[in-house]
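> have a look; sequence and predicted model below, questions after that.
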Amino acid sequence: MFFGSSAPCARFSLATATGPVRAPGALLRVLLAALLAFASVAHSQAIQPLPFKNHAEKVRFQHLTRQLRCLVCQDESIADSDAELARDLRLDVFQQMQAGRSDKQIKQYLVARYSDFVLYDPPLQANTLLLWFGPLLILLAGAAVVVIAIRRRSRDAGITAQPPAGQAPTDNEDDW
Amino acid sequence: MSRSLPLFGFLLLVALFGFGIWWNTRHDPNEVPSPLINKPAPAFVLPLLDDPAQTVSKAGLLGKPYLLNVFASWCFACGEEHPTLMAEGSQLGVMLIGYDYKDAPDDAKNWLREHGNPYRMVVADRPGRTAIDFGVYGAPESFLIDAKGVIRYKHIGPITPEVIAKELKPAIAALQKESP
């Protein structure tokens, strides 16, 4: 509730505390310093390539991190997110890969800490049965309603199609 | 009967919609429930914020329950939570330990000087590695850990007087009933 559902990332927003600015010259200097600081931050983030041994390892890493949800910006995977936690988790996943752990082990490791929520694909288990098969149930219910409605209608049509008593059968014209 | 069926379906959808709104006013849809509740807290060894040469470990804290409060100087919501901890932290009945998360030590020290220090001790996790073991995904978060080192309760977001009265106090009372 508190953080608001629209901006979950706000919880991780960095404080932008700048002191009082007195003179225009100081303002310019502060702006330049801020710009430089920002550039250096952006730079240090940009040049932090993980030392993959080969292309296959890189592909595996990208495939795996795309299946894992960032807990901060929850609409993003840890492969996409800029949140600090996502960066930490990417490094963690990478180090575990280096240590020779399988994708399944790494996922279990994260699920043990952050629950199934960390997986983009909910696993098929007792408490997700409704999630997986609920749509099918609704589809079947809808189909049942349609079948019953059609049967009832055709039965009613069958009754009215009966020639009323006293009328010649030859008058029974096809309405279709 | 069949004529009222669409109306019935519509009312069902309205009820579902209303329930969704009601539910979301009481629950944070972004909250990730911790799978660590009633499980042993992860083993950790962390330096003290004030004296990094000294470390605090999970094993060293066994024997007494404590409330581990994850905070950071960069965290806005922690500033909102802080007055509550200052006012009620000492009356909780458990030791309040600060967990400085991904923070520059000087920033954290200044922040505590400015806002006051409600903690018996403050451990620092600058890289945030131990926090992953705790399933921390932001600040503030608070973990109630019992004398055996088991996580008994977790609160995500700022602790408010209401949270203390409705959740934390009962959870602490349950601990004290077990081991007086």
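That came through, no problem.

> can we go C-alpha only for contacts and neighbour counts from here?
Will do.

> domains of chain A?
The record's domain split for chain A, according to automatic domain parsing, is A:1-9+A:44-122, A:124-158.

> can you tell me the element A:R155 falls in?
Using DSSP states H and E, A:R155 sits in helix A:129-161.

> can you list the weak-confidence ranges in the chain?
No chain was given, so I picked chain A. A:1-30, A:32-48, A:159-176 (pLDDT under 70).

> nope, chain B
B:1-2, B:179-180.

> and the strands in chain B?
B:39-40, B:45-47, B:55-57, B:66-71, B:95-101, B:121-125, B:141-145, B:150-156 (DSSP state E).

> other residues contacting the fourth one?
I take that to be strand B:66-71. B:78, B:94-101, B:139-147 (CA atoms under 8 Å, 6 or more residues apart in numbering or on different chains).

> mind putting the strands of chain B in TSV, mean neighbour count included?
Converted to TSV, the strands of chain B look like this (neighbours: other CA atoms under 10 Å in any protein chain shown):
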stretch	mean neighbour count
strand B:39-40	13
strand B:45-47	18
strand B:55-57	15
strand B:66-71	25
strand B:95-101	24
strand B:121-125	24
strand B:141-145	24
strand B:150-156	20
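
> quick one: which of those is nearest A:F52?
Of all the strands of chain B, it is strand B:121-125 that lies closest to A:F52, at 27.1 Å by CA to CA.

> could you give the angle of the closest one to strand B:66-71?
50 degrees (axes from the mean of the first three to the mean of the last three CA atoms, to 10 degrees).

> other residues contacting strand B:121-125?
B:46-50, B:55-56, B:96-103, B:105, B:131.

> what angle separates that strand from strand B:95-101?
Using the same axes, to 10 degrees: strand B:121-125 against strand B:95-101 is 20 degrees.

> which strand residues bridge the residue nearest to the spatial centre of chain B?
Chain B has B:S142 as the residue nearest its centroid, 1.8 Å off, counting by CA atoms, centre = their mean. Judged by DSSP bridges, the bridge partners of B:S142 are B:N69, B:H155.

> got a list of what it touches?
So B:S142 contacts B:67-70, B:154-156 (CA under 8 Å, 6+ apart).

> just the closest of those to B:P83, please.
B:N69 (13.5 Å).

> the closest one and A:F94, how far apart?
Note on B:N69: its distance to A:F94, by CA to CA, to the nearest Å, is 29 Å.

> with B:R26 instead?
Noted for B:R26: a distance of 38 Å to A:F94, by CA to CA.

> show me which of these two is the more surrounded one.
Between B:R26 and A:F94, A:F94 has the larger neighbour count (other CA atoms under 10 Å in any protein chain shown), namely 22 against 9.

> helix or strand: which one has the more buried one?
Assessed by DSSP H and E, A:F94 sits inside helix A:84-98.

> for the following helix or strand past that helix, which positions count as buried?
Next in sequence after helix A:84-98, counting helices and strands by DSSP H and E, comes helix A:103-114. Applying a neighbour-count criterion of 16 or more other CA atoms under 10 Å in any protein chain shown, one finds A:103, A:106-107, A:110-114 buried in helix A:103-114.

> tabulate these (CSV), appending distance to chain B.
Shown next, in CSV, are the buried residues of helix A:103-114 (distance: CA to the nearest CA, whole Å):
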residue, distance to chain B
A:D103, 18
A:I106, 13
A:K107, 13
A:L110, 8
A:V111, 8
A:A112, 6
A:R113, 5
A:Y114, 5
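
> one step back: for the helix holding A:F94, give me every contacting residue.
The contact list for helix A:84-98, computed with CA under 8 Å, 6+ apart, reads A:12, A:50, A:61, A:65, A:70-72, A:78-79, A:81, A:103, A:106, B:128-129, B:132, B:137.

> one more time with 7 Å, if that's ok
A:70, A:78, A:106, B:137 (CA atoms under 7 Å, 6 or more residues apart in numbering or on different chains).

> and which of those residues is nearest B:E178?
B:Y137 (30.4 Å).

> count of neighbours near that closest one?
22.

> host element of the closest residue in space to A:D103 that isn't next to it in sequence?
Nearest residue to A:D103 in three dimensions, chain neighbours excluded: A:L64, at 6.9 Å (CA to CA, 6 or more residues apart in numbering or on different chains). Applying DSSP H and E as the criterion places A:L64 in helix A:55-66.

> could you check the angle helix A:103-114 makes with that helix?
Going by the same axes, to 10 degrees, helix A:55-66 makes 30 degrees with helix A:103-114.

> quick one: contacts of helix A:55-66?
Residues contacting helix A:55-66 (CA under 7 Å, 6+ apart): A:52, A:77-79, A:103.

> now do the buried residues in that helix.
So for helix A:55-66, counting by 16+ other CA under 10 Å, buried means A:61, A:64-66.

> export the residues you listed as TSV, with columns for distance to A:L124.
Formatted as TSV, these follow (distance: CA to CA, whole Å):
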residue	distance to A:L124
A:F61	24
A:L64	19
A:T65	20
A:R66	19
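
> which members of those are the farthest-apart pair?
Using CA to CA, these span at most 8.5 Å, a distance reached by A:F61 and A:R66.

> what residues does chain B have near chain A?
For chain B, the contact set with chain A under CA under 7 Å from any CA of the partner chain comprises B:27-28, B:30, B:32, B:34-36, B:74-75, B:133-135, B:137-138.

> now these: which count as buried?
Buried among the residues of chain B next to chain A by 16+ other CA under 10 Å: B:28, B:30, B:32, B:34, B:36, B:74-75, B:133-135, B:137-138.
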